[in-house]
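Participant: Sequence and predicted structure below; questions after.
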Number of protein chains: 2
Amino acid sequence: MTEPMYFEDFAVGQVTEAGPVTVSESDIIEFGKQFDPQPMHVDPAVAAAVTGGLIASGWHTASLTMRLLVTGRHYQPAPGTVGLGFESLKWLKPVRPGDTLRLRVELLAVRASTSKPGWGIITNKMTTLNQHGEPVQEMKSSAIVPMRNK
Amino acid sequence: MTEPMYFEDFAVGQVTEAGPVTVSESDIIEFGKQFDPQPMHVDPAVAAAVTGGLIASGWHTASLTMRLLVTGRHYQPAPGTVGLGFESLKWLKPVRPGDTLRLRVELLAVRASTSKPGWGIITNKMTTLNQHGEPVQEMKSSAIVPMRNK
């Protein structure tokens, strides 16, 4: 773990990667039963006919993406850093049993907060990729980050 | 289960509710360990100091919202109905052990598809509320829905 990252440490275009994590058939079914019990997530026979086999709930992919972000991040956020929300959550390709996912985070924007002096807003594009390098999920996220020199 | 709902059956302003579901401390910790292992989701002692006690991962709330949507919906989507994605996912208040959530879905927009004749797009606002009626999560979702009379 490196030193905590403050607003001054971020720059547009920075790219970090995290992962991988592999998804099993039982992971997909277990998540589906608990949170998204539609046939394509929990019933291999129906899924075979409808979607060419089981596919993971999009919320499973989103949750795994969070896992990659939290466990794989290369930096320690400065104290006070808080996520502000997510925009444009899109599922681009199905995630299937045995797929291996990784996360690419690209820093899109860095600006000082207009309402909170001493703080800034960073915006990231988060792309979740499968083992073929194909994007399976995309979203934008923003966070408020303290400045080192307030 | 009623008859499948086609494009013609939707109208702006329609509101449906689903739920409730109650979240336990062990649910929060289990989800956190699997997908979002930050102290405020998995470590009651640290969480007590930092966030006044354990709070659920936002992705846990989102996944529970999907559960409410799928298991509680009052209608059967017509065959072919597919979600297109989510916008503006915001977590407005912490979800804590013992909280009971329900979902309110409000139909914001209904329009014929310009690119796919015989199909339409519906847009919903989905608000997840706690037992005090306070919104804990908000997002917009859209889906493509077949017309009954193509």
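Facilitator: Arrived safely, thanks for sending.

Participant: Mind listing the strands the helix or strand of chain A with the lowest mean pLDDT pairs with, and their directions?
Facilitator: Using mean pLDDT, DSSP states H and E, strand A:76-77 stands out as the lowest-scoring helix or strand of chain A, at a mean of 80. When pairing is defined by DSSP bridges, strand A:76-77 lines up against strand A:4-5 (parallel).

Participant: got the contact list for the strand it pairs with?
Facilitator: Contact with strand A:4-5 is made by A:75-79, A:145, as judged by C-beta atoms under 8 Å, 6 or more residues apart in numbering or on different chains. To be clear about C-beta, it is placed using only N, CA and C from the backbone, and glycine gets the same treatment.

Participant: where's it relative to the chain centroid, distance-wise?
Facilitator: Distance, stretch centre to chain centre, for strand A:4-5: 20 Å (C-alpha atoms, centre = their mean, to the nearest Å).

Participant: Show the average pLDDT along that strand.
Facilitator: If you average the pLDDT over strand A:4-5, you get 90.

Participant: Also stretch A:18-30?
Facilitator: On average, stretch A:18-30 scores 97.

Participant: Just confirm yes or no for that stretch near chain B.
Facilitator: No: for stretch A:18-30, no contact with chain B is found by C-beta under 8 Å from any C-beta of the partner chain; the gap never falls below 9.3 Å.

Participant: Pull up the residues of chain A that are close to chain B.
Facilitator: Counting by C-beta under 8 Å from any C-beta, chain A sits next to chain B at A:31, A:34-38, A:57-60, A:62-64, A:66-67, A:70-71, A:83, A:85-91.

Participant: Is it possible to mark the buried ones in those residues?
Facilitator: A:31, A:34-38, A:57-60, A:62-64, A:66-67, A:70, A:85-87, A:89, A:91 (16 or more other C-beta atoms under 10 Å in any protein chain shown).

Participant: Need the contact partners of stretch A:78-87.
Facilitator: With contact meaning C-beta under 8 Å, 6+ apart, stretch A:78-87 is reached by A:4-7, A:119, A:121, A:139-146, A:148, B:58, B:87-91.

Participant: partners of whatever helix or strand residue A:18 lives in in the sheet?
Facilitator: Following DSSP states H and E, one finds residue A:18 within strand A:15-22. Paired with strand A:15-22 in the same sheet, following DSSP bridges, are strand A:100-112 (antiparallel).

Participant: first to last residue in stretch A:125-139, what's the distance?
Facilitator: End-to-end distance of stretch A:125-139: 6 Å, with C-alpha to C-alpha, to the nearest Å as the criterion.

Participant: if we can go back for a sec, pull up the pairing partners for the helix or strand following the least confident helix or strand of chain A, direction included.
Facilitator: Counting by DSSP H and E, the next helix or strand C-terminal to strand A:76-77 is strand A:82-91. If you go by DSSP bridges, strand A:82-91 pairs up with strand A:135-146 (antiparallel), strand B:82-91 (antiparallel).

Participant: For residue B:49, find the nearest of the ones you listed.
Facilitator: strand A:135-146 (18.7 Å; C-beta to C-beta).

Participant: buried stuff in the closest one?
Facilitator: For strand A:135-146, a neighbour-count test (16+ other C-beta under 10 Å) marks A:136-146 as buried.

Participant: Show me where chain A dips below the pLDDT cut-off.
Facilitator: Counting by pLDDT under 70, chain A contains low-confidence ranges at A:1-2, A:73-74.

Participant: Which secondary structure element is home to the residue nearest the centre of it?
Facilitator: In chain A, the residue lying closest to the centroid (C-alpha atoms, centre = their mean) is residue A:65, at 3.4 Å. Here residue A:65 sits within helix A:58-72, counting by DSSP H and E.
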